[in-house]
Structure formats: C-alpha cells, structure tokens
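Chemist: take a look and give me a structure for this.
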Amino acid sequence: MTVALALPACSASQQPPAPATRQAQAAPVASAAAPERPKVDLSAYEAGRSKPVADPVYPAYGNPSIDVLHYDLALTWKPGTRTLSGTAELTIRAARPISRVRLDFGRALKVDEVTVNDTRVRASRKYDDLTVPLPEALEADEGAVVTVRYHGTPKPVDAKQRREDISMLGFHVGNGGRAWALQEPFGAFTWFPVNDHPSDEALYDVAITVPEGWSGVAHGTYKGKTSAGRTSTFRWQSTNPVASYLTVFAADRFRMYKDKGPRGIPITYWIRPQDVAKQLPVAKRMPSILRWLERKIGPYPFPSAGLVATSDSGMETQQMVALGPRYMQPSVVAHELAHHWFGDTVTPRTWRDLWLNEGFAMYFEMQWYADHEDGTIDEFIANIRRIDGRLRRKAGPPGRYRRDSFGISNVYYGPAIMLHEIRKRLGDRKFFATMRAWAQEHRNTTQDRASFTRWINDYTSRDFTKLIDTWLDSKTTPR
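Modeler: Residues are numbered from 1 along each chain as shown. All right, here's what the predicted structure looks like:
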C-alpha cells in the first residue's frame, strides 16, 4: 500500500466384534475393519503450506484451524447486471483436528451449493462467516476439497479506519459496471470464500470470464485468454504462495501491453484506452525500476510482473501492481514494487507487524527518489522525522498502532527512520547486503518482529534489539 511521501477432527472407528457363539471348540471370529476412507492428496500444493495463526489486531478474520493450500477460482462478471458468479474450489489442510471448516465470505453473495470431496453438504452462515460441516472429521495434516458455488452483487466492507482511501475494502463497482477489488488488511472475502489472513498463504488458479471487449485481471502470471460466443476468459496462475490481501480482481475495457523486465521477465500492463496517453508512460518505467531494485535487494522474486490501472488506491498486489489515477507516478511504482520483496515474498505473520511491509517499501521509495530525482536520503529522513512524533500521538507507535489507524503514515515513517539508523551503524555496503539477504533468505515465508530481530542480530553480529524495540514501541520519536 502506498502513502504520500514527505519530500523536500477424528478417524472412523472399527466395527465392534461379532458376538461369541455357543460352540466351545469354534475359533473366535475376527472383526472386520471399516473400509479406510480415501484421503485427499495434498502433495501437488505443498508450496502453499502455511502455519496460520490468530490475528492480535483483527481477530474476526482468518481461521488458524485450517491451512488453505490452493484456490481454484472460476469467476464470471456481468457488468450489465453487476453480478458476480463463481465456483471456488479450496484444497484445505487441517492445521489441527477439525469437524468443520469456517471461512470468511461476504454476506452479500448467495451460496448456491457447497460440496466437500464431491459430497453435498449444508453450510451455515452468520454475518461474514461461512461454516462448512465435514462429512468425515479430519485429523491434523489431513485434507479436504471444499467447493462453493455462489452468485450476487458483491459489496465492500466498512473497515472502520481513519484512512479514507481504505475505509471501504474489497469489491467495488464503478460507472458502466467496471469492477475492482483491493483489500488490506481484509476484504478478499467480499468476492470469494477465503481464509482472510496473511499467515495463510496459498497457490492460486484464477479464471475471469467477461463480455467480449472486456478484460479480467488478477494476481499472478497471465496464462492467456480463450473466447466463446460473446465472452472471453482470462486465466491467471500463482505458483508462489499469495496472502489473501495481495489478491486482485479487475474487470474493465482494458488494453493489454506487453513488456520485458530484467532477465526477460514478462510484464503486462492493463490500461483503459482513454487513459493510455497519461498512464502507459508511467507503467513503462517498471523495467528500469525493477533493474534498480535488483541491484539493491537481489533478483525479483516472481516469474512475472505487471500493472493494472484500477479506479482507486494503490496496492502491491502480487505480480500485478494496482494503481488508481492519483497514485500513477514513478516513485509510487517503485514503492509498490519494493513491496514484492518486502511484504509479498516476505509477508508479515500478523497485522501487528505491518511495519515490516511499509517501513521497508517507504525507505526504498525514498532511496529511489534520491537516486533519480531531487534531494538526498538524509534530507528525506529529516523531513519525516519532523512529523513522526505527531503521527505517533495520532495513531500510536508503529509496532503498536491503534486498531482504527491501519495504514496511517506512522507505520511508514518511523520504521523507515529506524532502517536509516541501522544503515548509519552498518555503513552502506553492509546495510544493503543485509537488506538483500533478508529478502532472499526468507522468500515465500511469513515473519514477525522477533524473527527479524534474531536474524539481523545474527547476520550482522550486532545487537539491534533495543534500537528496533525503541523505534517500534516508543510513544515519542526516539533521538
């Protein structure tokens, strides 16, 4: 996410034994074991394995009892009626014994049918929860395939946040039926059933069917389109695990433009015809920005990249940056692409550690600006230091921000200054080597403050514990 920069379950039991006969010489009759139920093979989606946890900031979302390994989403958007219909197939691993699966799923969408391993079941709903009973309870590490068919007009969720551009999260519908969905810290549940928490990352296959002349854009690598009658289906695939907040849906009359990044990485840009003149030149800065980032923090962690011009906000959605018109500028592209190292491939385990995303992306945005525009990194740090104290009073310390203050600049600026303090102690060469090693050694994992602190202390042979805790927890700006 961007922000303005200040610049200058149990197993089946055996059957009971057969009753004894009166024949004294007869051998006992062995009981017949119940047939073993077939197990779901989870090996194909091993890369989507996670260790889900409950969230300390937003505990209503996510379910630590399950680990979704893979989502197969077949979605159809009809702009004329503002209707989304979908079939979501979730391959789920039980993180502990369970007899039911609870998912986050928006109440605005009607459930048509739910099956578990092809057996139809009767699911229940309460608010934005969908509870699916399992025909057979699961032990830890056993799997099930839950399929939900649904339709309706999605509605965004009121996140009750101070920050205006993220007060309503999830699926939005605009003029002419254009649609987009962006969500952080939650809101993916407004358009598909999901374990909506960053600790549960998963693999994805997404197919979006739209009218002829429209395009359907999602996260991951573009796999092409097929046409039938008056519709086209656009297919996307994520072979690296994705947190639910990093998913994206966009349906509009986009034009697609192809490009290549460093080492031939395929890039696609998705922009409406009327916006091409203004937005395409900014989008085409991506290859050079990616090359600059690779020099700083190592190889780009995904097999493709892209940008979709949505109608609002700016997000680091995985492999497909989503930017609204007011965020369409090179420094913001640099910020969101930096997130692909800090946030996308190395993801915060809970929302308490949002600073692990935003502090790093903010710092590299400032460094990009210093290297390509006016000013120095020291000047930018001095500017944001002057307002850091006010942000801490307004929204809380960056490591303990107020629940209604998600994404306020306090989680950007204070941690960025903290990184600069670490840089001053290490020197430029060691600092950038440390940043590169953190991102490259922790690819496709979730992390938190404790793991970062342990790692950087070991990697640098320096003890940064006090510095990190002070900058993240102090109610005033540390000196």
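
Chemist: okay, now the unreliable bits of the protein?
Modeler: Scanning the chain for pLDDT under 70 picks out 4-37.

Chemist: that one: helices as residue ranges?
Modeler: Along the chain, counting by DSSP state H, helices occupy 276-283, 286-297, 330-339, 355-372, 377-395, 410-426, 428-441, 449-460, 465-473.

Chemist: outline the domain layout of this protein.
Modeler: As assigned by automatic domain parsing, the chain contains the domains 44-252, 351-473.

Chemist: picking up where we left off before, for the helices of the chain, which one sits closest to residue 225?
Modeler: Nearest to residue 225, of all the helices of the chain, is helix 276-283, at 19.6 Å by C-beta to C-beta. For glycine as for every other residue, the C-beta is placed from the backbone atoms N, C-alpha and C.

Chemist: turn the helices of the chain into a markdown table, columns for distance to residue 97 and mean neighbour count.
Modeler: Converted to a markdown table, the helices of the chain look like this (distance: least, C-beta to C-beta, whole Å; neighbours: other C-beta atoms under 10 Å):
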| stretch | distance to residue 97 | mean neighbour count |
| --- | --- | --- |
| helix 276-283 | 48 | 16 |
| helix 286-297 | 41 | 18 |
| helix 330-339 | 36 | 24 |
| helix 355-372 | 32 | 24 |
| helix 377-395 | 40 | 17 |
| helix 410-426 | 37 | 23 |
| helix 428-441 | 34 | 16 |
| helix 449-460 | 28 | 16 |
| helix 465-473 | 36 | 17 |
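
Chemist: quick one: closest of those helices to residue 254.
Modeler: Among the helices of the chain, the nearest to residue 254 by C-beta to C-beta is helix 276-283 (10.0 Å).

Chemist: chain center to the closest one: distance?
Modeler: For helix 276-283, the gap between its own C-alpha mean and the chain's C-alpha mean amounts to 26 Å (C-alpha atoms, centre = their mean, to the nearest Å).

Chemist: ok, now stretch 332-342?
Modeler: 14 Å.

Chemist: what are the contacting residues of it?
Modeler: Here stretch 332-342 makes contact (C-beta atoms under 8 Å, 6 or more residues apart in numbering) with 1-2, 5, 282-283, 285-286, 289-290, 292-293, 297-298, 300-302, 305, 307, 314-316, 318-319, 321, 323, 356-357, 360-362, 364-365, 368-369, 439.

Chemist: rerun at 7 Å
Modeler: For stretch 332-342, contacts defined as C-beta atoms under 7 Å, 6 or more residues apart in numbering pick out 2, 282, 285-286, 289-290, 293, 297, 300-302, 314-316, 321, 323, 356-357, 360-362, 364-365, 368, 439.

Chemist: for the helices of the chain, which one sits closest to residue 226?
Modeler: Across these, closest to residue 226 is helix 276-283 (C-beta to C-beta), at 25.0 Å.

Chemist: got the domains of the chain as a markdown table, with distance to residue 331 columns?
Modeler: Formatted as a markdown table, the domains of the chain follow (distance: least, C-beta to C-beta, whole Å):
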| stretch | distance to residue 331 |
| --- | --- |
| domain 44-252 | 17 |
| domain 351-473 | 5 |
